[in-house]
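*Asks:* Here is the input, now give the coordinates:
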Amino acid sequence: MKLENFCQSCHISKQHELFLKGTESDGTENSEYCKMCYENGKFTMQDTIASVEDMKLFVKDILKKQGVGKVKRWFYTIGISRLKRWNNR
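*Replies:* Here you go, the predicted model:
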């Protein structure tokens, strides 16, 4: 799948049932980012997720809690560094 089919911050698929579009400060939807990562025109969790590595650890932890194995956790997070949020720095 192409990278534009995923949240450009955490790499969740836009087809996933948990994907909800983020919002701009005026309330309009932002289709590049999910609501978990981007709300009211700002990235959420900026105090805890400030780098690609922070995001990878965050996503891996969520996946681990869901019972996803180590190889799949690596596979789901390997593309995070190529996403728009992390390439605009």
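
*Asks:* rest of the way, CA atoms for contacts and neighbours
*Replies:* Fine.

*Asks:* Run through the strands of this structure in chain order.
*Replies:* If DSSP state E is used as the criterion, the strands of the chain fall at 21-23, 29-34, 38-39, 42-43.

*Asks:* Mean neighbour count for those strands - can I get that in JSON lines?
*Replies:* Shown next, in JSON lines, are the strands of the chain (neighbours: other CA atoms under 10 Å):
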{"stretch": "strand 21-23", "mean neighbour count": "22"}
{"stretch": "strand 29-34", "mean neighbour count": "21"}
{"stretch": "strand 38-39", "mean neighbour count": "20"}
{"stretch": "strand 42-43", "mean neighbour count": "16"}
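
*Asks:* Using CSV, lay out these together with distance to Asn5 and mean pLDDT.
*Replies:* Formatted as CSV, those follow (distance: least, CA to CA, whole Å; pLDDT from 0 to 100):
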stretch, distance to Asn5, mean pLDDT
strand 21-23, 12, 97
strand 29-34, 9, 96
strand 38-39, 16, 97
strand 42-43, 19, 96
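
*Asks:* Could you say which one of those strands comes nearest to Glu53?
*Replies:* When these are compared by CA to CA, strand 42-43 sits nearest Glu53, at 15.9 Å.

*Asks:* circling back to that earlier point, next, format the strands of the chain as JSON lines and append distance to Lys14.
*Replies:* Below are the strands of the chain laid out as JSON lines (distance: least, CA to CA, whole Å):
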{"stretch": "strand 21-23", "distance to Lys14": "8"}
{"stretch": "strand 29-34", "distance to Lys14": "8"}
{"stretch": "strand 38-39", "distance to Lys14": "14"}
{"stretch": "strand 42-43", "distance to Lys14": "17"}
